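In: Coordinates for the following, if possible.
(one chain, ligands or ions: 2)
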Amino acid sequence: MTVRIAPSILASDFARLGEETRAVSEAGADYVHVDVMDGHFVPNITIGPDVVRAIRPYTDKVLDVHLMISPVDPFIEAFAEAGADIITVHPEAGAHVHRTIQLVRGCGKKVGVSINPGTPVSVLEDLLHEVDLVLVMSVNPGFGGQKFIPNATRKIAQLREMIDATGKAIDLQVDGGINFETAPKAIGAGADVLVAGTATFKGGPHSYADNIRRLRGEV
Ligand code: DX5
Ligand code: ZN
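Out: Ligands and ions are numbered 1, 2, ... in the order given. Below is the predicted model:
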């Protein structure tokens, strides 16, 4: 299984967002992860569709947009038009997650569903065949730099089995507190896409390329 790395630009220098997006893309990122927060669904405010549009020309990697906003449906089209390739939503962010999934599909984009630490994987039972990506939150959403919640590995393992049983190529992404110590645990449990903000952008004296390689387990 090839492990893909999705640096979260939340941990980058926002004053140089375009350059940072380009830098991680050239450093070997597979996806560029964009954390969208509204101060309502989560206790923090980050960026909107205009910023996604602004960074789009700085990368040819998969633009992986993680929406932590409620309501979410009214904004799907704007993020799709801004250049998102994957749009990931939370089932708690709207009354009808199945409708939200259809909205994303209707925009011609890939769709992900995110599972919060307090949400059981069973919410995906009737949705799994509809999605391209499942995102396991290994922190409560809202901030970068938090500590990995160990129970996430159990959920990743459960989802690995559920995904394999579908026979479909569905990404199993993990997000929050991924560093050089927790990455192998997430990979061992079956994750194949690692979101990493702090570890990529602030992972010590190494270059972004080194950090990405280390997260992948290549060095
Ligand atoms: C949290 C976000 C994460 C976060 C990851 O709500 O979804 O993507 O920025 O940051 P690190 O890698 O620093 O935990
Ligand atoms: Zn995220």
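In: hey, let's count contacts and neighbours off CA atoms from now on
Out: Noted.
In: and the longest helix for this structure?
Out: Looking across the chain with DSSP state H, the single longest helix is helix 151-166.
In: Check which element follows that helix along the chain.
Out: strand 171-175 (DSSP states H and E).
In: how far out from the middle of the chain is that next one?
Out: 7 Å (C-alpha atoms, centre = their mean, to the nearest Å).
In: Contact residues of this structure facing ligand 1?
Out: Neighbours of ligand 1 within the chain, by C-alpha under 6 Å from any ligand atom: 8, 10, 35, 141-146, 175-178, 196-198.
In: Can you show me the helices along the chain?
Out: Going by DSSP H, the chain shows helices at 17-26, 49-55, 76-82, 97-106, 151-166, 183-189, 198-201, 208-216.
In: picking up where we left off before, please pick the buried ones from the residues of the chain next to ligand 1.
Out: Buried members of those, counted by 16 or more other C-alpha atoms under 10 Å: 8, 10, 35, 141-145, 175-178, 196-198.
In: Among the residues you listed, name the ones in strands.
Out: 35, 175, 196 (DSSP state E).
In: Report all helices and strands that the longest helix of the chain contacts.
Out: strand 133-137, strand 171-175, helix 183-189 (3 or more C-alpha pairs under 8 Å, 6 or more residues apart in numbering; DSSP states H and E).
In: re the thing from before, closest to Gly94 out of the ones in strands among the buried ones among the residues of the chain next to ligand 1?
Out: Comparing these against Gly94 with C-alpha to C-alpha places Asp35 closest, at 17.7 Å.
In: How much space separates Gly108 from Ala80?
Out: According to C-alpha to C-alpha, to the nearest Å, Gly108 stands 8 Å off from Ala80.
In: Mind checking which of these two has more residues around it?
Out: Ala80 (23 against 12; other C-alpha atoms under 10 Å).
In: list the contacts for that one?
Out: If a contact means C-alpha atoms under 8 Å, 6 or more residues apart in numbering, then Ala80 has 87, 104, 107, 109 as its contacts.
In: Show me which residues of stretch 53-67 are buried.
Out: Using 16+ other C-alpha under 10 Å as the test for burial, stretch 53-67 gives 53, 55-56, 58-59, 61-67.
In: quick one on the thing from earlier: looking at the contacts of Ala80, which has the most residues close by?
Out: Ile87 (24 neighbours).
In: Keeping just the C-alphas, turn stretch 110-127 into PDB.
Out: In PDB, the C-alpha atoms belonging to stretch 110-127 read as follows (Å, rounded to 0.1, in the frame of the first residue of the first chain):
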ATOM      1  CA  LYS A 110     -14.700  13.500  -5.300                       C
ATOM      2  CA  VAL A 111     -16.400  13.300  -1.900                       C
ATOM      3  CA  GLY A 112     -15.200  12.400   1.600                       C
ATOM      4  CA  VAL A 113     -17.000  11.900   4.900                       C
ATOM      5  CA  SER A 114     -15.300  12.600   8.200                       C
ATOM      6  CA  ILE A 115     -15.700  10.700  11.400                       C
ATOM      7  CA  ASN A 116     -15.100  12.700  14.600                       C
ATOM      8  CA  PRO A 117     -13.500  11.200  17.700                       C
ATOM      9  CA  GLY A 118     -17.000  10.900  19.300                       C
ATOM     10  CA  THR A 119     -18.700   9.500  16.200                       C
ATOM     11  CA  PRO A 120     -18.900   5.800  15.600                       C
ATOM     12  CA  VAL A 121     -17.800   4.300  12.300                       C
ATOM     13  CA  SER A 122     -21.300   2.800  11.900                       C
ATOM     14  CA  VAL A 123     -22.600   6.100  10.600                       C
ATOM     15  CA  LEU A 124     -20.900   5.100   7.400                       C
ATOM     16  CA  GLU A 125     -22.700   1.800   7.000                       C
ATOM     17  CA  ASP A 126     -25.100   3.200   4.400                       C
ATOM     18  CA  LEU A 127     -22.700   5.700   2.900                       C
END
